[in-house]
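**Student:** predicted model follows, preceded by the sequence.
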Amino acid sequence: MDKRALFLSFDFPPMDGGVSRLSSEIVSQFQNKQWEVEVISSEAKCDYFSVDGYSIYRVKGRRGIRELKAWLKLFFTKDKSRLLITSYWYPEGLIAKLAGFKNLVILAHGAELLLGKKSLKNSILNLARKWILKKSQLIICNSHYTESLILNQFPHVNTKVCLLGVDIERFTPLGSKGEIRSELGLPIDKKIVLSISRIEQHKGHDVVLKAIAKIPPKDRKKLLYCIAGQGKYKQKLIEQSKELGIEECVYWYGFAEEDKLVKLYNASDLFVLCSREEAENKNVEGFGLVFLEAQSCAIPVIGTTEGGISDAIVHEEGGWLIDKDDAVALNEYFMKLIDNSKLFKAQGIKGRQRVSKSATWGHFSTKVFKHILESKKK
């Protein structure tokens with residue numbers, strides 16, 4: 001068997017983010033299986049991620065230029081029968097097909113598969129997606145929701161669901177919560193609810209604010225909502241918190257650097273992200289890697305039943321699922337957090353146990369490797 005592969009991804013270490021970590025883990029799994037893997041990616045600067053051990057071809061330049069250079073690299077590759085894995089169908093998958101590669105495996109995440117509003121651009125993208133996915137050898141889906149998006153449009157393509165994983169050695173329970181909070185500038189004497197994400201409307205921060213506003217004022221002082229991230233919706237949320245009279249309950253942490261993530265999770269008592277699907281705007285949580293990261297740190301989580309989140313959270317085995325925009329149900333959990341921290345600690349332990357048993361990168365990569373080898377035999 002030819003044990004050589006190419007991996008094309010513009011999201012790869014030292015870039016941060018979930019897709020970058022996902023891409024790195026897949027390449028590592030192939031290397032562990034004694035495969036020769038060459039990565040094609042763009043230039044990026046980051047002080048956290050190490051890229052030692054990878055054979056990487058970096059393409060320089062802004063968007064458009066980097067895609068052209070990646071296509072040229074693939075076009076002039078002599079062996080077009082080599083397995084090629086891409087982190088997205090677009091632009092990476094399109095580049096691969098236009099370069100003439102046939103043994104193409106594409107990673108699917110969710111939002112990039114939504115049809116979006118009716119427009120000329122979306123019509124062209126939808127046609128391109130149909131062509132690329134139908135021509136692919138295999139599509140690896142991060143959740144059952146993501147797979148359903150594909151099969152509802154193209155019933156006969158080859159899809160496999162491989163739920164994402166987490167590095168349980170990195171995302172692990174740490175020592176004193178008080179010491180961690182002091183280091184991060186967070187209060188020691190409050191219950192801390194954490195969200196880590198881009199600050200955009202579909203992420204549902206507004207639902208959390210409404211739930212906090214329903215807490216009686218005397219109890220509200222016992223809770224702090226820490227929002228880590230950046231985004232265009234931040235100013236509207238600041239205005240909303242003032243209108244609700246809860247601005248003192250909200251702490252704007254800012255961008256969460258990769259080397260601070262584990263400490264942020266460990267500093268919290270509960271992780272919450274109330275994402276909603278916005279199909280017209282191509283916004284959805286295809287899985288929700290942050291939920292696994294929090295649970296791996298033994299922090300309980302709350303998410304909605306939207307998108308693929310129900311594959312990241314097992315209700316009452318590390319956290320809870322609520323309906324979208326249900327501030328009343330979320331408020332009830334906040335009141336329980338204030339009154340009964342033991343319940344949340346117990347759920348955190350359950351979450352850590354579940355992730356360790358079934359949701360590590362090892363579990364994910366083993367399934368990916370198995371499905372890719374099976375597809376190569378067909």
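**Tutor:** Now that the structure is in, tell me what you want to look at.
**Student:** for residue 222, give its distance to residue 355.
**Tutor:** The gap separating residue 222 from residue 355 is 29 Å, by Cβ to Cβ, to the nearest Å. For every residue, glycine as well, the C-beta is placed using N, CA and C.
**Student:** out of those two, which sits in the busier spot?
**Tutor:** Between residue 222 and residue 355, residue 355 has the larger neighbour count (other Cβ atoms under 10 Å), namely 26 against 15.
**Student:** helix or strand for that one, just tell me which one.
**Tutor:** Counting by DSSP states H and E, the element that carries residue 355 is helix 341-358.
**Student:** and the helix or strand following that helix, which residues are buried?
**Tutor:** Helices and strands here follow DSSP H and E; after helix 341-358, the next one along the chain is helix 361-377. Using 16 or more other Cβ atoms under 10 Å as the test for burial, helix 361-377 gives 361, 363-365, 367-369, 371-372, 375.
**Student:** which helices and strands sit right next to helix 361-377?
**Tutor:** Helix 361-377 is packed against helix 18-32, strand 83-86, strand 138-141, with contacts defined by 3 or more Cβ pairs under 8 Å, 6 or more residues apart in numbering; DSSP states H and E.
**Student:** low-confidence ranges in this structure?
**Tutor:** Filtered on pLDDT under 70, the chain yields the residue ranges 1, 44-54, 377-378.
**Student:** what about residue 338, how many neighbours?
**Tutor:** 18.
**Student:** mind checking how far stretch 182-195 is from the chain centre?
**Tutor:** Offset of stretch 182-195 from its chain centre (Cα atoms, centre = their mean, to the nearest Å): 24 Å.
**Student:** what's that stretch in contact with?
**Tutor:** Here stretch 182-195 makes contact (Cβ atoms under 8 Å, 6 or more residues apart in numbering) with 177-178, 181, 203, 205, 208, 221-229, 251, 253, 260, 263-265, 267-273, 294, 299, 334, 337-338, 341.
**Student:** which among these count as buried?
**Tutor:** Buried members of the contacts of stretch 182-195, counted by 16+ other Cβ under 10 Å: 177, 181, 203, 205, 208, 223-229, 251, 253, 260, 263-265, 267-273, 294, 299, 334, 337-338.
**Student:** among those residues, which lie within helices?
**Tutor:** Of the buried ones among the contacts of stretch 182-195, the ones assigned to helices by DSSP state H are 177, 181, 205, 208, 263-265, 267, 294, 334, 337-338.
**Student:** which one of the residues you listed is nearest residue 313?
**Tutor:** Closest approach between those and residue 313, by Cβ to Cβ: residue 294, at 9.8 Å.
**Student:** give the contact list for that closest one.
**Tutor:** 194, 265, 268, 271, 300-301, 351.
**Student:** residue 220 - nearest residue in space that isn't next to it in sequence?
**Tutor:** Excluding the flanking residues, the one nearest residue 220 by Cβ to Cβ, 6 or more residues apart in numbering is residue 249, at 5.9 Å.
**Student:** can I see the domain layout of the chain?
**Tutor:** With domains defined by automatic domain parsing, the chain comprises 4-165+360-377, 177-358.
**Student:** would you confirm that residue 59 contacts residue 42?
**Tutor:** Yes: using Cβ atoms under 8 Å, residue 59 and residue 42 qualify as a contacting pair, with a distance of 5.6 Å.
**Student:** find residues that contact each of the two.
**Tutor:** Between them, residue 59 and residue 42 share these contacting residues under Cβ under 8 Å, 6+ apart: residue 66.
**Student:** got the phi and psi for the residue positioned nearest the centre of the chain?
**Tutor:** Most central residue of the chain, judged by C-alpha distance to the mean C-alpha position with Cα atoms, centre = their mean, is residue 289 at 3.9 Å. Dihedral angles of residue 289 (phi, psi; degrees, to the nearest 10) stand at phi -60, psi -30.
**Student:** tell me which stretches of the stretch 101-250 of the chain form helices.
**Tutor:** Per DSSP state H, counting those that start in this stretch, the stretch 101-250 of the chain carries helices over the ranges 120-135, 144-153, 177-184, 205-213, 217-220, 234-243.
**Student:** residue most distant from the centroid, this protein?
**Tutor:** Going by Cα atoms, centre = their mean, the residue of the chain most distant from its centre is residue 218, 36.0 Å out.
**Student:** that residue: what's it in contact with?
**Tutor:** Counting by Cβ under 8 Å, 6+ apart, residue 218 has no contacts.
**Student:** wait, residue 238 touches residue 251, no?
**Tutor:** No: Residue 238 lies out of contact with residue 251 (Cβ under 8 Å); the separation is 11.8 Å.
**Student:** residue 274 and residue 305 touch, don't they?
**Tutor:** No: using Cβ under 8 Å, residue 274 is not in contact with residue 305, being 10.6 Å away.
**Student:** which one of the two has more residues nearby?
**Tutor:** Neighbours were tallied for residue 274 and for residue 305 using other Cβ under 10 Å; the higher tally belongs to residue 274 (27 against 13).
**Student:** just give me the neighbour total for the closest residue to the more buried one other than its chain neighbours.
**Tutor:** Spatial nearest neighbour of residue 274, excluding adjacent residues (Cβ to Cβ, 6+ apart): residue 204 at 3.1 Å. Neighbours of residue 204 under the rule other Cβ under 10 Å: 25.
**Student:** give me the distance between residue 204 and residue 145.
**Tutor:** Distance, residue 204 to residue 145, using Cβ to Cβ: 16 Å.
**Student:** let me see the contact set for residue 210.
**Tutor:** 244, 327.
**Student:** quickly note the distance from it to residue 141.
**Tutor:** Where residue 141 is concerned, residue 210 sits at a distance of 33 Å (Cβ to Cβ).
**Student:** swap in residue 122?
**Tutor:** Counting by Cβ to Cβ, the separation of residue 122 from residue 141 is 21 Å.
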